[in-house]
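Trainee: how would this look folded up:
(4 chains)
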Number of protein chains: 2
Amino acid sequence: MKSERTIGRLSLYRRLLRELRVAGVGNVYSQELARMAGVSAAQVRRDLMAIGYSGSPARGYVVEALGESIGTFLDSPGGQAAALVGIGNLGRAVMAYFSGRRPRLAIVAAFDTDPYKVNRVIHGCRCYPAAELEQVVREHSVSVGIITVPATEAQGVADTLVRAGVSGILNFAPVPLRLPTGVYVEQIDMTMALEKVAFFARQR
Amino acid sequence: MKSERTIGRLSLYRRLLRELRVAGVGNVYSQELARMAGVSAAQVRRDLMAIGYSGSPARGYVVEALGESIGTFLDSPGGQAAALVGIGNLGRAVMAYFSGRRPRLAIVAAFDTDPYKVNRVIHGCRCYPAAELEQVVREHSVSVGIITVPATEAQGVADTLVRAGVSGILNFAPVPLRLPTGVYVEQIDMTMALEKVAFFARQR
DNA sequence: TAGATTGTTAATCGATTAACAATC
DNA sequence: TAGATTGTTAATCGATTAACAATC
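Mentor: The predicted structure follows:
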């Protein structure tokens, strides 16, 4: 099992490699990739070693092949489906953000309790009543849940998602979720992030 | 200098303490707070020790006093101003999210290059043309910048913010920023977060 | 070859956890 | 008091960095 951070950095490397490819760059050294990613060159080499991709002392890493190698490692061969719960400002922004970007990892359904928000398509994503969550998630074999509901409802939504078969959750609600081991949770806490920035901005 | 993580957890403890206070709870033990925050009790005790707040073996920590103590530690006495750059879907969602929440840390100005988006008020926040960024940021003594522009523009915006006197940045653009030491950057990379979730969801 | 880079291990660093005397 | 919790240090853990032989 690779470490969380390694996976995060691989995701970043892939994006940077895409830029290099577009710019017509064929090869890249660990040093250059490290500079772009804001990490050390040794870190890059260790991460790439971890996925079994080898470079050469003479030419470094082959941009195209490395990008594909990371893709093979990170992506599910058959693709994965995600569902979003909570069609508020943030929910819609997240839908817009991911809309059409990653064909192998698409948000296939969104849910809300507000009857005026459901039964239509937003940013290419079908919206359902929250009551249908379990059924729809099962039908689409959704493995990833995205939570953008208020803090008070987040734990309940998470429980329902897990019951429906989801095994990974991206949680934007500012509350730690308690879920069975085996379910992976990634927390994005904007309030905490902003307060950290404010605190350290003052220290300078 | 406290560690980044400690500051983040303090922000979380404060929120949890607020809930306890609303619920009418007067005292709390490290164990209970730890359970709510999803960390160990020793961690909680160490964090609280770090800000010089003491509990007692008999009654644990006093909810109200501890909350205030964390506030004194985290918040700037005179308040701090933040500015947001990039009034897209995400930018508006972020404005809505922080709107009216924290009086001591308010988003006082938003910027965009699109003339149709500026010179009005969104979620209680005044919107200016990007060309006026440096001037407005200086005038309001803004110390925190929030970047919600596309990746290609993020570095340029960050440079301008820093030139205008900002010393902390919350960056939503999926690109690592290169900035002078002394400027604190907190990165929120939704794409990376989602890809991590998808990856680990598959491992279970 | 000579010089630079890769793959990989050992050393370092920092944060978390465990443990326990002091305290209520 | 007895029992539980706090404050605080030592032990543990994991990740990062440094270093260097192997390679091109």
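Trainee: which of the three states applies to the residue nearest to A:Leu194 when sequence neighbours are not counted?
Mentor: Ranked by Cβ to Cβ, 6 or more residues apart in numbering or on different chains and with sequence neighbours excluded, the top spatial neighbour of A:Leu194 is B:Leu170, at 5.7 Å. Backbone N, C-alpha and C define where each C-beta goes, glycine included. The three-state label given to B:Leu170 by DSSP: H, G, I helix; E, B strand; the rest coil is strand.
Trainee: which residue sits farthest out from the middle of chain A?
Mentor: A:Ala58 (34.3 Å; Cα atoms, centre = their mean).
Trainee: which strand or helix spans that one?
Mentor: Using DSSP states H and E, A:Ala58 is not contained in any helix or strand.
Trainee: A:Ile70 versus that one, what's the distance?
Mentor: For A:Ala58, the distance to A:Ile70 equals 22 Å [Cβ to Cβ, to the nearest Å].
Trainee: when you scan the longest helix anywhere in chain A, is anything in it near DNA strand D?
Mentor: What stands out as the longest helix in chain A, according to DSSP state H, is helix A:4-22. Yes: using Cβ under 7 Å from any atom of the strand, helix A:4-22 reaches DNA strand D at A:Glu4, A:Arg5, A:Thr6.
Trainee: distance-wise, check the spatially most central residue of chain A relative to B:Gln155.
Mentor: Nearest to the geometric centre of chain A sits A:Leu170, at 7.3 Å (Cα atoms, centre = their mean). With distances taken as Cβ to Cβ, A:Leu170 is found 26 Å from B:Gln155.
Trainee: same deal with A:Gly88?
Mentor: In terms of Cβ to Cβ, A:Gly88 sits 30 Å off from B:Gln155.
Trainee: could you pull up the mean pLDDT of the longest helix of chain A?
Mentor: Averaged across helix A:4-22, the pLDDT comes to 96.
Trainee: from the contact counts, what lies against it?
Mentor: Counting by 3 or more Cβ pairs under 8 Å, 6 or more residues apart in numbering or on different chains; DSSP states H and E, the packing neighbours recorded for helix A:4-22 are helix A:30-37, helix A:41-50, helix A:63-74, helix B:190-203.
Trainee: how far off centre is it?
Mentor: Its chain's average C-alpha position is 13 Å from that of helix A:4-22, according to Cα atoms, centre = their mean, to the nearest Å.
Trainee: in it, what's buried?
Mentor: Under the neighbour-count criterion of 16 or more other Cβ atoms under 10 Å in any protein chain shown, helix A:4-22 has A:Ile7, A:Gly8, A:Arg9, A:Leu10, A:Ser11, A:Leu12, A:Tyr13, A:Arg14, A:Arg15, A:Leu16, A:Leu17, A:Leu20 buried.
Trainee: so after that helix, what's the next helix or strand?
Mentor: Using DSSP H and E, the helix or strand that follows helix A:4-22 in sequence is strand A:27-28.
Trainee: give me the sheet partners of that following strand and which way each runs.
Mentor: strand A:61-62 (antiparallel) (DSSP bridges).
Trainee: what does chain A put close to DNA strand C?
Mentor: So far as Cβ under 7 Å from any atom of the strand goes, chain A lies against DNA strand C at A:29-31, A:41-42, A:45-46, A:48-49, A:53-58, A:60-61.
Trainee: rerun that using 6 Å as the cut-off
Mentor: Applying Cβ under 6 Å from any atom of the strand, we find that chain A lies next to DNA strand C at A:29-31, A:41-42, A:45-46, A:48-49, A:54-57, A:60-61.
Trainee: are any of these buried, and if so which?
Mentor: A:Tyr29, A:Ser30, A:Arg45, A:Leu48, A:Gly55, A:Gly60, A:Tyr61.
Trainee: ok, so of those, who is nearest B:Ala81?
Mentor: Proximity of those to B:Ala81 (Cβ to Cβ) peaks at A:Ser30, which lies at 40.8 Å.
Trainee: so what's A:Tyr61 up against?
Mentor: With Cβ atoms under 8 Å, 6 or more residues apart in numbering or on different chains as the criterion, the residues that contact A:Tyr61 are A:Asn27, A:Val28, A:Tyr29, A:Ser30, A:Leu33, A:Leu48, A:Tyr53, A:Gly55.
Trainee: so in terms of bridging, what pairs with it?
Mentor: A:Tyr61 forms beta bridges with A:Val28, as assigned by DSSP bridges.
Trainee: please look at A:Glu134 and A:Thr160 and confirm they touch.
Mentor: Yes: A:Glu134 lies in contact with A:Thr160 (Cβ atoms under 8 Å); the separation is 6.2 Å.
Trainee: looking at those two, which one has more neighbours?
Mentor: Counting neighbours by other Cβ atoms under 10 Å in any protein chain shown for A:Glu134 and for A:Thr160 shows that A:Thr160 has the greater number, 17 against 14.
Trainee: nearest residue to the more buried one in space, please, no chain neighbours.
Mentor: The spatial neighbour of A:Thr160 that comes closest, neighbours along the chain excluded (Cβ to Cβ, 6+ apart), is A:Leu133 at 5.8 Å.
Trainee: how close does A:Thr152 sit to chain B?
Mentor: 10 Å (Cβ to the nearest Cβ, to the nearest Å).
Trainee: list the buried residues for the host helix or strand of that residue?
Mentor: Following DSSP H and E, one finds A:Thr152 within helix A:151-163. By neighbour count on 16+ other Cβ under 10 Å, the buried set for helix A:151-163 is A:Glu153, A:Ala154, A:Gln155, A:Val157, A:Ala158, A:Thr160, A:Leu161, A:Val162.
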